[in-house]
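Enquirer: can't give you the sequence, but here's the structure:
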């Protein structure tokens, strides 16, 4: 089995906003989390969609049961989108509630503390990551790992008053191995290993 060199989590977490507290460490410091939020996009606009009757089903459509891989990928990508929404909420209670479905409960207080530090500086996220998932490994239906060649080149933090970019952007080919654990029927992000190795998509 080929081994990969990994960067020190603190180095990569402070270099760009590649991941929130649980991704580099469940107990990331405020400074670490402040730079750990690169994948956070700007606040989305709420759009009202027409209500679809509960009994409605498209003609000829068959119910498709998602595979375990599908569930892991959905949780992984959902984590990034939730991080974006939590940052945009500018509200500790809302942010904690948003992240409750994507990270373990004991990681939420540290996550929210990091967000508060960003809010105090009147900073907001911009952009969003582009996923290029290379592989997904599920072990014993309890743990999983997502190997992703992330494009973080158009994400970061900026001051809301001046528009100045204050958070370093990531790279277009950031190789990240993100771990997840299954808890009560949900996949939750528990950590990540930034790999010092070129990835392609």
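Expert: Ah, there it is. Predicted, not measured: the structure shown is a model, and the values here were computed from it.
Enquirer: Any chance of the backbone angles for the residue lying closest to residue 174 once chain neighbours are set aside?
Expert: Nearest residue to residue 174, sequence neighbours excluded (Cβ to Cβ, 6 or more residues apart in numbering): residue 150, at 4.4 Å. To be clear about C-beta, it is placed using only N, CA and C from the backbone, and glycine gets the same treatment. In this entry, residue 150 is assigned phi and psi values of phi -70, psi 140 (degrees, to the nearest 10).
Enquirer: now swap in residue 70 and tell me
Expert: According to degrees, to the nearest 10, residue 70 has phi -60, psi -40.
Enquirer: What pLDDT is listed against it?
Expert: Per-residue pLDDT puts residue 70 at 97.
Enquirer: How about residue 13?
Expert: pLDDT recorded at residue 13 is 40.
Enquirer: residues touching the residue nearest to residue 174, list them.
Expert: 18, 39, 129, 130, 131, 132, 170, 173, 174, 175, 176 (Cβ atoms under 8 Å, 6 or more residues apart in numbering).
Enquirer: List the ones among those residues that fall in strands.
Expert: Among the contacts of residue 150, the ones falling in strands (DSSP state E) are 174, 175, 176.
Enquirer: Return the member of those nearest to residue 66.
Expert: Distance to residue 66, by Cβ to Cβ, is smallest for residue 176 among the ones in strands among the contacts of residue 150, at 22.8 Å.
Enquirer: hang on, that closest one packs against residue 191?
Expert: No: the pair residue 176 and residue 191 does not pass the contact test of Cβ atoms under 8 Å, sitting 10.6 Å apart.
Enquirer: ok, and for stretch 128-148, which residues are buried?
Expert: Residues of stretch 128-148 classed as buried: 128-133, 136, 138, 144-148 (neighbour count, 16 or more other Cβ atoms under 10 Å).
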